[in-house]
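Chemist: Coordinates only, no sequence provided:
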């Protein structure tokens, strides 16, 4: 698995842990207990901190002012627990939101909508949050992946305005 994919996994796990109000230390302990931190130490930059990056993603998500309750039928289905529709809802909302807000490119809108919709799922149906395939959604979107990589990777996301 590439470094980007592994980092995405760590960031999403930290984000989900944060959204479910789990302690950061619990995520950090899980990461260390799994041995992945030491194994991948030579693959990941020393300043890669998934908890800090997840917090930055949450700030980006807070910039999303979409009313998910009234936005679309697909989003309503996601909020009722049909998480398999999450990807389609995110893509559709990201495109329309970035068109309405030119200061947000599609890729940044995608990240904001992903996080904000995940926050809504965590509030409405917290048991469903871990069923969202957010890791695959981010890794599988070549535009978003290129945007993150060309910005300097996940480490640089924490420095975006």
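Modeler: Thanks, I have it. Quantities reported herein were computed from a predicted structural model and do not represent experimental measurements. Residues are numbered from 1 along each chain as shown.

Chemist: And the helices in the protein?
Modeler: Under the criterion DSSP state H, the chain contains helices at 3-19, 24-33, 36-39, 50-62, 73-79, 86-100, 106-124, 134-140, 142-150, 154-157.

Chemist: Surely residue 119 is in contact with residue 19?
Modeler: Yes - in this structure, residue 119 is within contact of residue 19 by Cβ atoms under 8 Å, at 5.9 Å. To be clear about C-beta, it is placed using only N, CA and C from the backbone, and glycine gets the same treatment.

Chemist: Between the two, which contacts overlap?
Modeler: residue 58 (Cβ atoms under 8 Å, 6 or more residues apart in numbering).

Chemist: ok, back up a step: a markdown table please, covering the helices of the chain and showing mean neighbour count.
Modeler: Shown next, in a markdown table, are those (neighbours: other Cβ atoms under 10 Å):
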| stretch | mean neighbour count |
| --- | --- |
| helix 3-19 | 21 |
| helix 24-33 | 13 |
| helix 36-39 | 12 |
| helix 50-62 | 19 |
| helix 73-79 | 19 |
| helix 86-100 | 19 |
| helix 106-124 | 22 |
| helix 134-140 | 18 |
| helix 142-150 | 15 |
| helix 154-157 | 20 |
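
Chemist: tell me, which of the ones you listed is the model least confident about?
Modeler: Ranked by mean pLDDT, the helices of the chain bottom out at helix 36-39, with a mean of 42.

Chemist: Next up, the contacts around residue 58.
Modeler: Counting by Cβ under 8 Å, 6+ apart, residue 58 touches 15, 18-19, 115, 119.

Chemist: cutoff 7 Å now
Modeler: Counting by Cβ atoms under 7 Å, 6 or more residues apart in numbering, residue 58 touches 15, 18, 115.

Chemist: how close does it get to residue 157?
Modeler: 11 Å (Cβ to Cβ, to the nearest Å).

Chemist: Residue 113 now?
Modeler: 15 Å.

Chemist: Same check on residue 93?
Modeler: From residue 93 to residue 157 the distance is 20 Å (Cβ to Cβ).

Chemist: ok, for residue 61, nearest residue in space, not its chain neighbours?
Modeler: residue 115 (2.9 Å; Cβ to Cβ, 6 or more residues apart in numbering).

Chemist: and the one you found, what is it in contact with?
Modeler: Residues near residue 115 by Cβ under 7 Å, 6+ apart: 15, 57-58, 60-61.
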